[in-house]
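A.B. asks: Coordinates for the following, if possible.
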Amino acid sequence: MTVKNRPRFDVDALRELAGGKVFERGRAYHRDGQVQILLIEPERVLAQVAGTEDYRTELRGRGGTIDGACSCRAFEDHGFCKHMVATGLTANDVGADEADGGGALVRIRDHLKQRGLEELVDMIVGLAEQDPALFRRLDAAATARHEDDETLGKRLRQAIDIATRTRDYMDYREVPAWAANVEATLDTIGALVSGVRAGLACELADHALDRIGDAFDEIDDSDGHGMSLLECARDIHLAAVLKIRPKPIELARQLFAREMADGYGVFDGAVRRYADVLGEAGLAEYRRLATAAWEKEAPSAGRKGRQVEDVEVDFDRDQVMRILDFFAERDGDLDTRIALRARHLSSQQDYHGLAKFCLQHGREEEALRRAEEGLWIFEDGRPDAGLVNFTAELLSKAGRKGDAEAHLWRLFRKQPSYELYTRLSEIGGEAARDQALTLLESKQASGARSFWDSPTNLLIRIWIHEKKFDAAWAAVRKHGASAGLTDELASQCEGSHPAEVLAVYTMRVDHLVKSGGSSNYEQAAKLVVRMAKLRARGEHVAYVLALKKQFERRRNFIKMLE
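C.D. replies: This next block holds a predicted model:
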């Protein structure tokens, strides 16, 4: 027998996805009737949820397998939102077995089927009068069907210009509406690719790329709408190029110039993406242009205008290197790939990157040589921790532990850290540990600070690791320590140093309650429970009573405490 009205979505799964607070807000939306189901399909529910504005919400799946999206800002920032919870609960009211194929859109579709053609046309035209995006979409489609290429191209260029116009600077809340208009125009251009107008689509995609790129200075693209538009225009361009198969050498020159001028990375790797349509002739031209740019490069880095043959490009060294690396990889020429990376080594990070590349490709001896060279060239500056640790690892594997230890000591003296302390202890044993502690204690006595942390904090961290709690507490009393480190020390000393732990927990409870919020109150209450095990019952009761009096207006905390 079929069970009727089974819940479509598991309520516990909705709560877990959203979190307790968000789930309760969503349940309130559902209870207040703010959800209108637009469409229910076997694995999809589409709804409109009334909030600060109307949001389109989609849930996919069934039972405990739930996914989806919402047009609200909260979904973009945090994921599963209250509107999605409300939609799931509303769909459950309809029932899993009775709802498939239902919803407001189904009713609307059935209604429209009963109307005559003229009435539907009038209705759509009326909507287009009120909706600029719909008007542009319909106008472009009508033009594409009835006009010649010249007229259509002129109209669609104008449509691109209008859609991408920004007038004033737009913040992230205004950008989605702007992007929707641009996307509608790109959809019209994309529709031309599959027909005889693919060449026109290619030209228009080029124009759209330029216009969208120009608009970036006038929009806040925090949510990535602008980048999505650029990628869409690029994909239309690629699809059109694959259709029309332009002359490969001309295409190579156009793509190379665009890749060099691309400040957003949309055409990064164009030579790889367009390789099939470029063919051997186009790839050879691409390689020739990149090689010419590389050979003419000035010593200084950066993006600069440059004439390469008869192609004007904005030279970017890293971009050109990646192009030439593509060809060297294609040829299986590892020596050239290493030489490309070795041409400009202006920092320890450059040497580290080169050494890692050598190691990844089985050149261990060269990796070590490059790494040591980088440390030697920059020995007067601040050591780079990544390069030092990388070099020490290779030296240890090569049986040169003394050299590895020397590099680690040089770094430790300038940038001591717990990780370095453990590495030195592993290599040098007890003698290295004693030397490191002596160095840190002298820095502590002099009041010196390392680049990242105070010597006291580092000493305390080491003493916690080595279970030397008396020394750690003595350092806390004399020099102080970070709150997080003090909490860590206290958590490990409840059995051995109750007086010190109680002092830390008392201050922590006071801070948490004064900061407010349910999570802080919960942490404070848990600490109070732990404190009960560290002192006499009467003393603790007196403390709790004093807390209640001090924070009597913090009712949520008092409830948790009780």
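A.B. asks: just the strands in the stretch 251-400 of the chain please.
C.D. replies: Using DSSP state E, counting those that start in this stretch, the strands assigned to the stretch 251-400 of the chain run over residues 304-308, 311-315.
A.B. asks: Lowest mean pLDDT across the ones you listed, which one is that?
C.D. replies: Of all those, strand 304-308 carries the lowest average pLDDT, namely a mean of 44.
A.B. asks: L39 belongs to a strand?
C.D. replies: Yes - applying DSSP: H, G, I helix; E, B strand; the rest coil, one finds L39 inside a strand.
A.B. asks: Who is it paired with across the strands?
C.D. replies: L46 (DSSP bridges).
A.B. asks: I'd say A432 and R423 touch.
C.D. replies: No - using C-beta atoms under 8 Å, A432 is not in contact with R423; the gap is 9.2 Å. Every residue, glycine included, has its C-beta placed from N, CA and C.
A.B. asks: quick one, which of the two is more surrounded?
C.D. replies: The residue with more neighbours, out of A432 and R423, is R423; 22 against 19, by other C-beta atoms under 10 Å.
A.B. asks: For the nearest residue to that one once chain neighbours are set aside, what is the enclosing helix or strand?
C.D. replies: Using C-beta to C-beta, 6 or more residues apart in numbering and skipping the chain neighbours, the partner closest in space to R423 is L408 (5.7 Å). L408 belongs to helix 401-414 when assigned by DSSP states H and E.
A.B. asks: those helices in the stretch 351-500 of the chain, which residues are they?
C.D. replies: 364-377, 385-397, 401-414, 418-446, 455-465, 469-479, 483-492, 498-515 (DSSP state H, counting those that start in this stretch).
A.B. asks: low-scoring stretches of this protein, by residue?
C.D. replies: Along the chain, segments meeting pLDDT under 70 span 1-6, 95-102, 133, 136-137, 140-141, 143-146, 297-315, 447-453.
A.B. asks: List the residues that contact the residue lying closest to L394 once chain neighbours are set aside.
C.D. replies: Among residues not flanking L394 along the chain, L368 sits closest, at 4.5 Å (C-beta to C-beta, 6+ apart). L368 makes contacts with A355, T391, L394, L395, A398, as judged by C-beta atoms under 8 Å, 6 or more residues apart in numbering.
A.B. asks: Could you dump these into CSV with distance to L534 and neighbour count added?
C.D. replies: Formatted as CSV, the contacts of L368 follow (distance: C-beta to C-beta, whole Å; neighbours: other C-beta atoms under 10 Å):
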residue, distance to L534, neighbour count
A355, 52, 26
T391, 48, 27
L394, 49, 20
L395, 48, 22
A398, 52, 13
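A.B. asks: quick one: stretch 243-260 to chain centroid distance?
C.D. replies: Distance of stretch 243-260 from the chain centroid (C-alpha atoms, centre = their mean, to the nearest Å) equals 32 Å.
A.B. asks: Please point out which parts of it sit buried.
C.D. replies: 243-244, 246, 248-249, 251-260 (16 or more other C-beta atoms under 10 Å).
A.B. asks: Please apply the same query to stretch 422-435.
C.D. replies: Buried residues in stretch 422-435 (16+ other C-beta under 10 Å): R423, L424, S425, I427, G428, A432, R433.
A.B. asks: Quick check, K82 in contact with G26.
C.D. replies: Yes - K82 is within contact range of G26, at 3.8 Å (criterion: C-beta under 8 Å).
A.B. asks: hey, what's in contact with both of those two?
C.D. replies: A18.
A.B. asks: which two in the buried residues of stretch 243-260 are spaced the farthest apart?
C.D. replies: K243 and M260 (25.3 Å; C-beta to C-beta).
A.B. asks: contacting residues around the helix holding L408?
C.D. replies: Everything outside helix 401-414 that qualifies as a contact, by C-beta under 8 Å, 6+ apart, is 375, 382-383, 385, 388-389, 391-393, 395-396, 420-421, 423-424, 427-428, 432, 436, 439, 450-451.
A.B. asks: any idea how far the longest strand seen in the chain is from the chain center?
C.D. replies: Looking across the chain with DSSP state E, the single longest strand is strand 54-62. On the basis of C-alpha atoms, centre = their mean, strand 54-62 sits 23 Å off its chain's mean C-alpha point.
A.B. asks: and after that strand, which helix or strand comes next?
C.D. replies: Past strand 54-62, the next helix or strand by DSSP H and E is strand 65-70.
A.B. asks: Would you give the sheet partners of that following strand, along with the direction of each?
C.D. replies: Assessed with DSSP bridges, strand 65-70 is paired to strand 54-62 (antiparallel).
A.B. asks: Format the CA atom coordinates belonging to the partner strand as PDB.
C.D. replies: Only the C-alpha atoms of strand 54-62 are listed here, as PDB (Å, rounded to 0.1, in the frame of the first residue of the first chain):
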ATOM      1  CA  ASP A  54      11.200  38.300  -3.700                       C
ATOM      2  CA  TYR A  55      13.800  35.500  -4.000                       C
ATOM      3  CA  ARG A  56      13.900  32.600  -6.400                       C
ATOM      4  CA  THR A  57      14.800  29.500  -4.500                       C
ATOM      5  CA  GLU A  58      15.500  26.000  -6.000                       C
ATOM      6  CA  LEU A  59      15.800  22.700  -4.100                       C
ATOM      7  CA  ARG A  60      17.100  19.600  -5.800                       C
ATOM      8  CA  GLY A  61      17.000  16.000  -4.600                       C
ATOM      9  CA  ARG A  62      14.800  14.100  -2.100                       C
END
